[in-house]
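Colleague: sequence? don't have it. structure:
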């Protein structure tokens, strides 16, 4: 095994040498066969990183999972114990498990779907039960139980005053379902359950006659477009900017004229996008909305889950052609496979930089590419389906994985945390051909936000014609030390950052080092170290401190404020924010306002007055001031929060918009 790995690393070193020669020749004569040399290099490294001679697999063994029959029994027990919501969740897991079982068919899927619909009805989730019953009827159109369950859910929806169908009168639609159930159960006359089924049908018919027909409103839907956005993008690409090439920089994007702060300069749909690994079991794999209890899994693999039949149908083709029935469900693999199905111009706009990656990274990616290609080649689909899609080879997968590592963007959203503060989280990973032309800067000129899976870029400050548009590939200056930022960029993106912020830090470092070379390093003050440790311990649960503990934290914060106020940084601002949360948890709102004001001042001095983090801190300050009765000060802080947040994020985040609108209504402003 060690010899095989050594051979692979030697092949990678040769690969890098060939790449350098290829780029040097291509600069002199663009008509040379550089793509041929590139393909030869990739083929060689893939062969060297194939499965080792002993036949062992690089993939870690998967833990044993419960069978769908065991999950179904557990769900039945939960339903008997009076826990319908837990039973519905277990039926959902059983549904995904039965999709993975090749010995099952649509009848098994329909049976578990009916059980989940009944559990949802018992739990009062009428709309989810109605959706589940409809899915069961489509899976098993001749099943009397499916139509009976759908009629039962329809009657429950009428009794609750819900709309069953926007195009057909609701009672007429439910009567049709009752007729289908009666027709399907006609053959059950000789069975023991025939009489009980007919009795249930009579009871439903009586309840249906007593129910009122709801108004025929157009059916509303919360589903988004195929790209995860809720709206159409009128114009895609850069606005007021264009791609260019500059000596020493290469490809870049520059402003064509003056651009004001907050102006939208980029709007682009993802060329390929997949849900993140963290949200794969809680979000729809198409629109990225939260999954209801009546979610629908892919009938082939059970790994992809959708919030509605509409999303399942719209995503079925792309999912089946790319990653369906693959054992490698990581987001980077799924995104690379989706990219291989995208138009060729999308892949051409994304660099792979395979020749810049460290040898061990290339070996790891090549081994994964071999495993993924072998897995895709061996996959089979259910009988009766169309022919399986063409399978990519290991070389294509390797290049796709490199492009994903170099170009993927985290699609983020915002939610309310347990303490009530706004928290940013990663929702999906996407590839954006236009945004891939934007270079990195630790002090970027463009702030990215997302409308679903549509990437939007806004100017962080005023720019003149010819200024370069840049984004941050990682933490920005002020949030992390320069060495940490550059090490992260070097590890993932294989370049040394030379942005103005890093150049300034490098120019200042030698001077500071020379002036203190003859002196021993200054130890951290024991008092300051103890104070920071006290605040760090309080950060675990700041709202659950007792009054004596709060006094100790406030005393520690006084030390931090006195020692750190001359050199503000983000860590100090976070420490002061923790003290404010602890004071608010003890109902000391005036004290919380004092420390939040200091946190805002520290953060503005550390990262600037127009950073989105400053806007979020102003939101917390405005809420605290409003709760303590200082309405005028709260209005000023709310106005400042709206100005900063809207300049960076616009109105893209519904959660942030709702927060600002509620705050504006509370202070009597129109923001």
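Modeller: Sure, I can see it. Values in this document were obtained by computation on a predicted structure and should not be read as measured data.
Colleague: Quick one: the strands in the stretch 301-450 of the chain, in order.
Modeller: 305-306, 409-416, 422-431, 439-440, 446-451 (DSSP state E, counting those that start in this stretch).
Colleague: by contact count, what packs against the first one?
Modeller: Meaning strand 305-306. strand 296-297 (3 or more C-beta pairs under 8 Å, 6 or more residues apart in numbering; DSSP states H and E). Every C-beta, even on glycine, is put in place using the N, C-alpha and C of the backbone.
Colleague: In which helix or strand does residue 501 reside?
Modeller: helix 500-515 (DSSP states H and E).
Colleague: nearest to residue 355, of the strands of the stretch 301-450 of the chain?
Modeller: strand 439-440 (19.1 Å; C-beta to C-beta).
Colleague: Pairing partners for the closest one, with directions?
Modeller: strand 470-471 (parallel) (DSSP bridges).
Colleague: Quick one: mean pLDDT over the strand it pairs with.
Modeller: Mean per-residue pLDDT for strand 470-471: 94.
Colleague: Find the centremost residue of the protein, please.
Modeller: The chain has residue 427 as the residue nearest its centroid, 1.2 Å off, counting by C-alpha atoms, centre = their mean.
Colleague: if we can go back for a sec, who wins for proximity to residue 662 among the strands of the stretch 301-450 of the chain?
Modeller: strand 409-416 (11.5 Å).
Colleague: got a list of contacts for that closest one?
Modeller: Residues outside strand 409-416 that contact it (C-beta atoms under 8 Å, 6 or more residues apart in numbering): 228, 270, 273, 276, 288, 422-432, 435, 448, 450, 453, 455, 653, 655-656.
Colleague: make it 6 Å
Modeller: For strand 409-416, the external contacting residues (C-beta atoms under 6 Å, 6 or more residues apart in numbering) are 422-424, 426-428, 430, 432, 450, 453, 653, 655-656.
Colleague: so which of the residues you listed comes closest to residue 404?
Modeller: Using C-beta to C-beta, residue 430 is the member of the contacts of strand 409-416 that lies nearest residue 404, at 10.1 Å.
Colleague: Quick one: neighbours of the closest one, just the number.
Modeller: 26 (other C-beta atoms under 10 Å).
Colleague: What's the mean pLDDT across the helix holding residue 501?
Modeller: Over the span of helix 500-515, the pLDDT mean works out to 66.
Colleague: Over to stretch 180-187?
Modeller: 78.
Colleague: buried residues in that stretch?
Modeller: Neighbour-count burial for stretch 180-187, counted by 16 or more other C-beta atoms under 10 Å, picks out 180-182, 184-185.
Colleague: Take those residues and keep only those in helices.
Modeller: 180-182, 184 (DSSP state H).
Colleague: Can you add distance to residue 498 and give those back as TSV?
Modeller: Formatted as TSV, these follow (distance: C-beta to C-beta, whole Å):
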residue	distance to residue 498
180	70
181	71
182	76
184	72
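Colleague: Looking at those residues, which one is closest to residue 157?
Modeller: Relative to residue 157, and with distances defined as C-beta to C-beta, the nearest of these is residue 181, at 15.8 Å.
Colleague: The closest residue to residue 123 other than its chain neighbours: how many residues sit nearby?
Modeller: Nearest residue to residue 123, sequence neighbours excluded (C-beta to C-beta, 6 or more residues apart in numbering): residue 84, at 3.6 Å. For residue 84, the tally of surrounding residues (other C-beta under 10 Å) stands at 21.
Colleague: got the contact list for residue 84?
Modeller: Residue 84 neighbours (C-beta under 6 Å, 6+ apart): 119, 122-123.
Colleague: Ok, residue 302 next?
Modeller: Contacts of residue 302 (C-beta under 6 Å, 6+ apart): 96, 99-100.
Colleague: what about residue 455, is that helix, strand or coil?
Modeller: strand (DSSP: H, G, I helix; E, B strand; the rest coil).
Colleague: How about the contacts made by it?
Modeller: Residue 455 makes contact with 268, 432, 435, according to C-beta under 6 Å, 6+ apart.
Colleague: Next, work out how far apart the last one and residue 145 are.
Modeller: Going from residue 435 to residue 145 by C-beta to C-beta, to the nearest Å gives 50 Å.
Colleague: likewise the first one?
Modeller: When C-beta to C-beta is applied, the distance between residue 268 and residue 145 equals 48 Å.
Colleague: again, but for residue 135
Modeller: 13 Å.
Colleague: Who are the contact partners of the residue nearest to residue 555 when sequence neighbours are not counted?
Modeller: Leaving aside its chain neighbours, residue 555 sits nearest to residue 531 (7.8 Å; criterion: C-beta to C-beta, 6+ apart). Counting by C-beta under 6 Å, 6+ apart, residue 531 touches 556, 559-560.
Colleague: Based on its surroundings, how many neighbours for residue 668?
Modeller: 9.
Colleague: Which pLDDT value belongs to it?
Modeller: On the pLDDT scale, residue 668 is placed at 84.
Colleague: Start the count at 9 instead of 1 going forward.
Modeller: Taking 9 as the first residue, the last one we looked at is residue 676.
Colleague: The strand or helix carrying residue 641 packs against which elements?
Modeller: Assigned by DSSP H and E, residue 641 falls within helix 639-657. Helix 639-657 is packed against helix 620-635, helix 662-675, with contacts defined by 3 or more C-beta pairs under 6 Å, 6 or more residues apart in numbering; DSSP states H and E.
Colleague: tell me the angle of the last one relative to helix 639-657?
Modeller: Regarding helix 662-675 and helix 639-657, their directions subtend 160 degrees when assessed with axes from the mean of the first three to the mean of the last three C-alpha atoms, to 10 degrees.
Colleague: Tell me which residues of helix 662-675 come out buried.
Modeller: Within helix 662-675, the residues that count as buried by 16+ other C-beta under 10 Å are 664-665, 667-668, 671-672, 674-675.
Colleague: quick one: contacts for residue 215?
Modeller: residue 163.
Colleague: any idea how far it lies from residue 185?
Modeller: 13 Å.
Colleague: I'd guess residue 259 is in a strand, am I close?
Modeller: Yes. Assignment of residue 259 by three-state DSSP places it within a strand.
Colleague: what separates it from residue 407, distance-wise?
Modeller: On the measure of C-beta to C-beta, residue 259 and residue 407 end up 19 Å apart.
Colleague: out of the two, which sits in the more crowded spot?
Modeller: Between residue 259 and residue 407, residue 407 has the larger neighbour count (other C-beta under 10 Å), namely 24 against 14.
Colleague: doesn't residue 359 make contact with the more buried one?
Modeller: No. At 10.5 Å, residue 407 does not count as touching residue 359 under the criterion of C-beta atoms under 6 Å.
Colleague: for the stretch 109-258 of the chain, which spans come out with low pLDDT?
Modeller: The stretch 109-258 of the chain contains residues with pLDDT under 70 at 110-111, 170-177, 195-206, 214, 217-244.
Colleague: The stretch 409-558 of the chain now?
Modeller: If you take pLDDT under 70 as the line, the stretch 409-558 of the chain has these spans: 426-428, 516-534.
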